[in-house]
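*Asks:* My questions concern the predicted model and sequence given below.
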Protein chains: 2
Amino acid sequence: MNSSDEKRPSGCPIAFGLDVFGDRWTLLIIREMMFGEKKTYGEFLAADEAISTNILANRLKLLESEGIVDKRRDPQNFRSFLYELTPKGYDLAPVMLAIIDWSGKHDKRPDRLTAMVERVKNDRDGLVKQIQQRREDAAKRSSN
Amino acid sequence: MNSSDEKRPSGCPIAFGLDVFGDRWTLLIIREMMFGEKKTYGEFLAADEAISTNILANRLKLLESEGIVDKRRDPQNFRSFLYELTPKGYDLAPVMLAIIDWSGKHDKRPDRLTAMVERVKNDRDGLVKQIQQRREDAAKRSSN
DNA sequence: GCAGTCAACTTGCGTTTTGCAAGTTGACCT
DNA sequence: AGGTCAACTTGCAAAACGCAAGTTGACTGC
């Protein structure tokens, strides 16, 4: 799938976004890359929520075809691949932060002050700057 | 489903949010209420993207059980119901705006400057204030 | 240079979710 | 009382998902 194979040709920007990342897993994979600094297929598989391997492969392929994720060989370990966000992928940071804010406010289960919520509360600017920096690094990478 | 029937007990705020609205339709229904001022089942059905009736009924039920949507009889037309966002629902506005921003930036198809993208670009503050006002109205409604 | 391991997938298959169409229920209207 | 309208509900075929097992290509050690 890419943007020209539209599932919903409505022209609405919400629908456009949902066509790309409106499912249960895509944003969790992006989370691993954006906040968790995870980069390999195996690391994504090992993440907390236990995505199944065929779904992971499918989503990574879609994200790559959308230009949200970049895949390359790991120079240090040539049998492994590195998946990294492109600038377009890092541009999803505000969406991620908004979701974290909403969940931090409305998750009423006990003991749910997670590290991520805390970090956004205590040092949002630092986090945003860090992501901004990585976005620039990604931009340089792709211009080489 | 509600928050205590967790699909993914990871404690991650992204996963928490996705458990609530991480599918193809939920945020589109919320969009109708937040920006389109649509309130009835029939109006949601008639929206651009043509959600099917069983999915719509299911999602409205879930949103109600999550406390994101409030359902009541239409005082003017007693055979109809009004679905309206609760304050918790209006708190999703930053998520919606972030998605609109991202799509406005990255939807490369021609002729895709939609009304919503334009409005957010040209009068974001006015839009935010309007939603804030409606959120307060909703808060008053529920305290009665 | 062959045997084993590791990382990244792919395939098969049963279960769940979705999507379309048609049917039901409860107001309201005449 | 007969018809319409709004809001669902039900049935069933198609698609997506989730688990487990198998395959492929790169490195590693003997």
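*Replies:* On my side now, so go ahead.

*Asks:* helices and strands around the one helix or strand A:A15 maps to, which ones?
*Replies:* Secondary structure assignment for A:A15, by DSSP states H and E: helix A:13-21. If you count contacts as 3 or more CB pairs under 8 Å, 6 or more residues apart in numbering or on different chains; DSSP states H and E, helix A:13-21 packs onto helix A:26-34, helix B:26-34, helix B:93-106, helix B:115-143. C-beta: built from backbone N, CA, C; applies to glycine.

*Asks:* want to try TSV for these, with mean neighbour count and distance to DNA strand C as columns?
*Replies:* Shown next, in TSV, are these (neighbours: other CB atoms under 10 Å in any protein chain shown; distance: least, CB to the nearest atom of the strand, whole Å):
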stretch	mean neighbour count	distance to DNA strand C
helix A:26-34	22	12
helix B:26-34	22	9
helix B:93-106	21	19
helix B:115-143	14	20
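
*Asks:* Please, which helix or strand holds A:L82?
*Replies:* strand A:81-85.

*Asks:* ok, A:I51 touching A:I29?
*Replies:* Yes: using CB atoms under 8 Å, A:I51 is in contact with A:I29, at 7.4 Å.

*Asks:* what's the spacing between the residue nearest to the spatial centre of chain A and A:R141?
*Replies:* Geometric centre of chain A, nearest residue: A:I30, 1.4 Å, by CA atoms, centre = their mean. Shown here: A:I30 relative to A:R141, a distance of 17 Å by CB to CB, to the nearest Å.

*Asks:* same check, this time on A:R8
*Replies:* From A:R8 to A:R141 the distance is 32 Å (CB to CB).

*Asks:* about what we covered before: quick check, distance from the helix holding A:A15 to the centre of its chain.
*Replies:* Helix A:13-21 sits 15 Å away from the centroid of its parent chain (CA atoms, centre = their mean, to the nearest Å).

*Asks:* State the mean pLDDT of that helix.
*Replies:* Across helix A:13-21, the average pLDDT comes to 96.

*Asks:* okay, the strand holding A:L82 in PDB with CA atoms only?
*Replies:* Extracted as PDB, the C-alpha positions of strand A:81-85 are listed here (Å, rounded to 0.1, in the frame of the first residue of the first chain):
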ATOM      1  CA  PHE A  81      19.000  -4.900   9.100                       C
ATOM      2  CA  LEU A  82      18.500  -1.500  10.700                       C
ATOM      3  CA  TYR A  83      15.100   0.000  10.400                       C
ATOM      4  CA  GLU A  84      15.100   3.700  11.100                       C
ATOM      5  CA  LEU A  85      12.500   6.500  10.900                       C
END
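
*Asks:* That's all I had, so thanks and see you.
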